[in-house]
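A.B. asks: structure for the following, please:
(4 chains)
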Amino acid sequence: MKDKKPKNVFQEGAITSEFIGNSIYKHQTKTSIGAHNIFLGQVRADNIDGKTVSAIEYTAYEDMANQKFHEIRESAFEKFDLTCMHIYHSLGKVKVGEICLFVFVSSPRRKVVFEALEYIVEAIKADVPVFGKEIFEDESHQWKVNS
Amino acid sequence: MKDKKPKNVFQEGAITSEFIGNSIYKHQTKTSIGAHNIFLGQVRADNIDGKTVSAIEYTAYEDMANQKFHEIRESAFEKFDLTCMHIYHSLGKVKVGEICLFVFVSSPRRKVVFEALEYIVEAIKADVPVFGKEIFEDESHQWKVNS
Amino acid sequence: MLITIKYFGQIAEVTQKEEEQLEVSEYLISGVINTLNTKYSDLKNKDFQIAQNQELVDLETELTGAEIALLPPFAGG
Amino acid sequence: MLITIKYFGQIAEVTQKEEEQLEVSEYLISGVINTLNTKYSDLKNKDFQIAQNQELVDLETELTGAEIALLPPFAGG
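C.D. replies: Numbers count the residues shown, from 1 in each chain, chains lettered A, B, ... in the order given. Below you'll find the predicted structure:
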């Protein structure tokens, strides 16, 4: 499943549980896999100064972001004995409770997937130019910053 | 979602991707969650001395196993700031490519879920009396040992 | 004292049963295991842990007389 | 030299546009940023990184004249 060309990681809107379930299903033909590890980022209804977040609207510097996702992918395959790796990120509006990031790694053995998944998620948070506008219930907004 | 009574972690047969997708879906009403981490154990078609595994048949000392799962659960909630935690394990025959273990943790923040998930999976492998008969394509078998 | 003994996985293959009741006059777990080693000669070659009332114990633990289980290596997940 | 400048997130709120072309006579990235700071006075108060041809650069990097982007703090995931 390793490939060399950058692909588009972005999806318009939330990532559905059906999409995730179907992605898991597709890996059941790969019988060298013994362990999958999945990270899901979900939009939180944070309360900030008395106002509650109702959605995040994501934008990205798409070409650079897809290039960074590609570099993270290449580097993860180099560091870890992975059979498969998939990343999906939302663009546009994602409501609270919905999923905006889906990272899926698979390997023959479990130790590898724990290390690889955390490495990939931290790299995404640090290196990929994605921007998030936290929209409050009263339509005002603030800009999200990763910590 | 923390509860005090041991529950039955075992399911007869493989854990389906629909079940996993549905479990993810049910967490979308919990808007304090920011990060989910999911571990899936999948049966590998290992080749051992020229024979290929076609399925694993799981048995367990069920009362003790459910008690151990419960202790792992309690201990994880004590150590980590988790919003939810679910564990499902198969009993009976699970074919190669099918899923036999599903561990699902959720928290407001991501750092917690990585640590918690690995802790829980390692504890399950080490402490829970579950036994696996690796059945080869020629109907002979050997007993699986966790490493 | 009448105790219930449970066998799992490859241990149950040796004993050819999953459970039995035994009348024992021992005070330690080791006494029970010695009895079983005599009864099932292949048991000596097998790797197992022992649980009493669903908690792992060692050979020197006092027999409290309820449910003993012989547990081969764990293979969950 | 004609360069394209892209703005994202809260930077695009300051510039009120997502992209523009500028004719510049500078040799370093810092020259472009100085020009933009003059044009958009609120820019000074904002936290951003700079990418040239999709790679992060600093103020002392030579301007190679293609696509410059002003990137506010990342918030993926």
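
A.B. asks: okay, and the helix or strand of chain A with the least pLDDT?
C.D. replies: strand A:47-48 (a mean of 92; mean pLDDT, DSSP states H and E).

A.B. asks: residue contacts, residue 44?
C.D. replies: All of this refers to chain A. Neighbour list for A:Arg44: A:Val53, A:Val96, B:Thr31, B:Ser32, B:Ile33, B:Gly34, B:Pro108 [criterion: C-beta atoms under 8 Å, 6 or more residues apart in numbering or on different chains]. No exception for glycine: its C-beta is placed from N, CA and C like everyone else's.

A.B. asks: was after chain C, sorry
C.D. replies: Counting by C-beta under 8 Å, 6+ apart, C:Lys44 makes contact with C:Asn37.

A.B. asks: again, but for the one 10 residues further on
C.D. replies: C:Gln54 is in contact with B:Tyr61, B:Asp63, B:Met64, B:Gln67, C:Glu67, C:Ala69, counting by C-beta under 8 Å, 6+ apart.

A.B. asks: A:Gln42 too?
C.D. replies: Here A:Gln42 is in contact with A:Gly97, A:Glu98, A:Ile99, A:Cys100, B:His27, B:Gln28, B:Ile33, B:Gly34, B:Ala35, B:His36, B:Ser106 (C-beta under 8 Å, 6+ apart).

A.B. asks: how near is the fifth one to chain A?
C.D. replies: I take that to be B:His27. 7 Å (C-beta to the nearest C-beta, to the nearest Å).

A.B. asks: what's the neighbour count on C:Asp42?
C.D. replies: Using other C-beta atoms under 10 Å in any protein chain shown, C:Asp42 has 12 other residues around it.

A.B. asks: with adjacent residues omitted, what lies nearest to it?
C.D. replies: Counting by C-beta to C-beta, 6 or more residues apart in numbering or on different chains, C:Val14 is the residue found nearest to C:Asp42 once chain neighbours are left out, at 4.7 Å.

A.B. asks: could you list the low-pLDDT ranges of chain A?
C.D. replies: Low-confidence segments of chain A (pLDDT under 70): A:1-5.

A.B. asks: in it, which spans are strands?
C.D. replies: A:10-12, A:35-42, A:47-48, A:51-60, A:84-95, A:99-107, A:130-136, A:141-143 (DSSP state E).

A.B. asks: just the CA atoms of the fourth one, as CSV, please.
C.D. replies: The C-alpha coordinates for strand A:51-60 follow below in CSV (Å, rounded to 0.1, in the frame of the first residue of the first chain):
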residue,chain,number,x,y,z
LYS,A,51,-19.6,30.9,24.7
THR,A,52,-19.9,27.4,23.3
VAL,A,53,-18.2,26.2,20.1
SER,A,54,-20.8,24.8,17.7
ALA,A,55,-18.6,23.9,14.7
ILE,A,56,-15.1,24.3,13.3
GLU,A,57,-14.6,25.6,9.7
TYR,A,58,-11.4,24.2,8.3
THR,A,59,-9.4,25.7,5.5
ALA,A,60,-5.9,24.7,4.3
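
A.B. asks: I figured the residue nearest to C:Asp42 hits C:Phe48, correct?
C.D. replies: No - C:Val14 is beyond contact range of C:Phe48, at 9.6 Å (criterion: C-beta atoms under 8 Å).

A.B. asks: thank you kindly, that will do.
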